[in-house]
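Engineer: Here is the input, now give the coordinates:
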Amino acid sequence: MSGKAVIWWVRKDLRLEDNPCLAAALAAGGPVIPVAILDPLHESWGAAPRFRWGLGLGRFAETLAGIGGRLILRRGKPLEILRALAGETGAGTVVWSRHYDPDCIARDTEVKSGLEEAGLTAKSHAGHLLFEPWRVKTKTGGFYKVFTPMWKAVRSADLPEPERAPSKWPAPEAWPGSDKLEDWALGADMRRALPILESHQRVGAAEARDRLGWFLDGPVEGYDSARDIPGEDGTSRMSPHLAWGEIGPLTCWHAALRRREEGSKGAETFLKELVWREFGYHLAWHTPHIVRDNWREEWAAFPWNEDVTPEVEAWQQGRTGIPFVDAAMREMWVTGTMHNRGRMIVASYLTKHLMTHWRIGQKWFEDCLTDWDPASNALGWQWSAGCGPDATPYFRVFNPVTQLDKFDRNRRYADAWIAEGRRNPSETALAYFDAAPLSWGLSAGDPYPDPVVTPEAGRKRALGAYEGRKF
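Structural biologist: Prediction:
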């Protein structure tokens, strides 16, 4: 090897292929030292994201070891760790894959400045997205505030083929010291839910590729309609793999593009979903307030409840008395994910029927979702609440009872997650009570609760709050 060592700061890009940052590191011609850092930003994540990131790190470390590499683990402030690691290894360059939410941007800007002051080369690379947010522009040169025009602008984009994975790792003569992953205890806050949640995880690049292939070989044909049926296995389930970078967006794009070219209408819809993810980051880059504040400023004075009331606690615990809402909330607690139709229903119920601020729901999802993504989470909540870009009309209040009748006619989904009142409840429904905190005092033998707010009363209350306001 002819070049100096390169440090690859591994974040949410736990893969070898379709990784422009890794390709750049390898092209330098010297040893490449991958390092994952448990920094203050990571430690501020919710319990489920930290747990799932830990699983991903463990699997990726195994992948690296299989080709002669090693994943170095360090805990602390990134700038301090990267400067120290450069001194230990003689590295002259640090590279990483870009992120686009304001917290990551602030951290990475500080790190880059500090590394350059120390005489090191610091370079960020694309790879987390298909399109850099500043490169996708409207005809007038602005950014997109509505999804459909953005989709039309990029649907025929000519994107490069994914980078190939290395077959052998360019290792240094001596590896620097590393923390042990188990000492980070990234799953500790899951408490008694840990083994149950872990049993539902599919982790790593190989799992991601297998699932994508399975989806595009069959279920994609019915994706237009099946993606709305929570009781069917009709979606790609790529969200955790994309969130943690176990599969690259270019890999998903090109695989689905080939299916679209073969005439699959479902593949077109799947490509739209990939671009919806892009739309979230497009907005997080151009309007960073979206991750914390109402995107539409005229919603600032809206009288949402901002306290965790008993009604909100019932929502968090899947005990609202509304089967669609409760099934979805329990699915999330047990598996770490939630069907997209369920996400729409629980968000609408919280922000409209319970008149509670979307930030409370956003924070709960951040704590419970293993596919948590800061841009998608913020966009989804504001879309449902009506205060975001391209939002559902504020006056549209989903009826969770008729939604269940429409999308879960045979009650397969509800039966899978609700145990109370059933003679032979499913294993998944019972698992919820094994995973729920003891402090909640729940039992599968409890009677199913009456609605904390009926659909009719909730709709009336929401429409009354909207009346006379200009949005």
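
Engineer: From here on, just use CA atoms for contacts and neighbour counts.
Structural biologist: Fine.

Engineer: and residue 34, what does it touch?
Structural biologist: Taking C-alpha atoms under 8 Å, 6 or more residues apart in numbering as the criterion, residue 34 is in contact with 7, 8, 9, 10, 70, 71, 72.

Engineer: helix/strand/coil for it?
Structural biologist: The three-state label given to residue 34 by DSSP: H, G, I helix; E, B strand; the rest coil is strand.

Engineer: Among the contacts of residue 34, find me the one that's closest to residue 30.
Structural biologist: residue 7 (10.2 Å; C-alpha to C-alpha).

Engineer: partners of that closest one in the sheet?
Structural biologist: As for beta bridges, residue 7 partners with residue 33, residue 94 under DSSP bridges.

Engineer: rewinding a little: ok, so of the contacts of residue 34, who is nearest residue 152?
Structural biologist: Nearest member of those to residue 152, counting by C-alpha to C-alpha, is residue 10, at 33.1 Å.

Engineer: Count residues in the vicinity of residue 142, would you?
Structural biologist: A count of nearby residues for residue 142, using other C-alpha atoms under 10 Å, gives 11.

Engineer: wait, residue 458
Structural biologist: The number of residues near residue 458, taken as other C-alpha under 10 Å, comes to 21.

Engineer: Is it in a helix, a strand, or coil?
Structural biologist: Look at residue 458: counting by three-state DSSP, its state is helix.

Engineer: give the contact list for it.
Structural biologist: 352, 353, 354.

Engineer: The same query, at a cut-off of 6 Å, please.
Structural biologist: Each residue near residue 458 by C-alpha atoms under 6 Å, 6 or more residues apart in numbering is listed here: residue 353.

Engineer: Over to residue 8?
Structural biologist: Residue 8 is in contact with 33, 34, 94, 95, 96, counting by C-alpha under 6 Å, 6+ apart.

Engineer: Local confidence estimate at the closest residue to residue 86 other than its chain neighbours?
Structural biologist: Spatially, and ignoring its direct neighbours in sequence, residue 86 is nearest to residue 92 (6.8 Å; C-alpha to C-alpha, 6 or more residues apart in numbering). The per-residue pLDDT reported for residue 92 equals 97.

Engineer: So what touches the helix or strand encompassing residue 431?
Structural biologist: Assessed by DSSP states H and E, residue 431 sits inside helix 427-435. Residues from elsewhere that reach helix 427-435 (C-alpha under 6 Å, 6+ apart): 192, 193, 334, 416, 417, 418, 419.

Engineer: Okay, and which of those map to helices?
Structural biologist: Counting by DSSP state H, the contacts of helix 427-435 place 334, 416, 417 in helices.

Engineer: out of the residues you listed, who has the most neighbours?
Structural biologist: residue 334 leads the ones in helices among the contacts of helix 427-435 on contacts (other C-alpha under 10 Å) with 28 neighbours.

Engineer: Burial check on the closest residue to residue 340 other than its chain neighbours, number of neighbours?
Structural biologist: Once flanking residues are discounted, residue 340 sits nearest to residue 228: 7.4 Å by C-alpha to C-alpha, 6+ apart. Using other C-alpha under 10 Å, residue 228 has 18 other residues around it.

Engineer: Repeat that for residue 158.
Structural biologist: Look at residue 158: counted by other C-alpha under 10 Å, it has 7 neighbours.

Engineer: Check the secondary structure at it for me.
Structural biologist: Strictly by three-state DSSP, residue 158 counts as coil.

Engineer: Just the local confidence number for residue 1, please.
Structural biologist: In this model, residue 1 is scored at 56, pLDDT.

Engineer: same thing with the one 10 residues further on?
Structural biologist: Turning to residue 11, the model gives it a pLDDT of 97.

Engineer: neighbours around it, how many?
Structural biologist: When neighbours are counted by other C-alpha under 10 Å, residue 11 comes out with 20.

Engineer: Skip the chain neighbours and tell me the closest residue to it.
Structural biologist: Nearest non-adjacent residue to residue 11 (C-alpha to C-alpha, 6+ apart): residue 36, at 6.3 Å.

Engineer: do residue 248 as well
Structural biologist: residue 18 (5.5 Å).

Engineer: Give the helix, strand or coil label for that neighbour.
Structural biologist: Applying three-state DSSP: residue 18 is coil.

Engineer: State the number of residues packed around it.
Structural biologist: With other C-alpha under 10 Å as criterion, residue 18 counts 23.

Engineer: for it, what are its contacts?
Structural biologist: 162, 163, 248.

Engineer: In a strand, the residue nearest to residue 340, correct?
Structural biologist: No. Residue 228 is assigned coil when assessed by three-state DSSP, not a strand.

Engineer: which regions of the chain lie under the pLDDT threshold?
Structural biologist: 1-2 (pLDDT under 70).

Engineer: Over to the residue nearest to residue 86: give its phi and psi.
Structural biologist: phi -110, psi -10 (degrees, to the nearest 10).

Engineer: Could I get the full set of strands for the stretch 51-200 of the chain?
Structural biologist: Under the criterion DSSP state E, counting those that start in this stretch, strands of the stretch 51-200 of the chain are mapped to 72-75, 93-97, 121-125.
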